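**Q** have a look at this prediction, sequence included:
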Amino acid sequence: MDLPHRLIETLADKWKPEEFRDKELELPREERRAPVADLMKALEASLVRKEPAKATTQAVKGPQKRRVGKPAA
């Protein structure tokens, strides 16, 4: 257990906030905004690319109901 503690002590250093700066705040306000995606346009494009879904037997029949109290046939 001594080795991990020594390693941390060796690598640890005092926090010096002056060494770090917020680059995001240095940009003009217009450049800070993240691009906004047009979600409706993306959805419509994905629907155009997608093939129509095939109906499965389970979807047509619906879920099977299990009878409680009676043995299965």
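**A** Noted; the coordinates are in hand. The model shown is predicted, which means the values in this text are computed figures rather than measured ones.
**Q** quick one: secondary structure of residue 46?
**A** When states are read from DSSP: H, G, I helix; E, B strand; the rest coil, the local structure at residue 46 comes out as helix.
**Q** and it, how far from residue 39?
**A** 10 Å (CB to CB, to the nearest Å). Quick note: C-beta positions are derived from backbone N, CA and C, even for glycine.
**Q** burial measure for residue 18, as a count.
**A** By other CB atoms under 10 Å, 5 other residues sit near residue 18.
**Q** what about residue 9, which SS state?
**A** For residue 9, the secondary structure call by three-state DSSP comes out as helix.
**Q** start at 15, not 1
**A** Sure, I'll start numbering at 15, so the last one becomes residue 23.
**Q** got a pLDDT number for it?
**A** At residue 23 the predicted local confidence, pLDDT, stands at 88.
**Q** and the gap between it and residue 35?
**A** When CB to CB is the yardstick, residue 23 and residue 35 sit 28 Å from each other.
**Q** ok, residue 43 next?
**A** When distance is defined by CB to CB, residue 43 is 17 Å away from residue 35.
**Q** quick check: mean pLDDT across stretch 58-68?
**A** For stretch 58-68, mean pLDDT rounds to 79.
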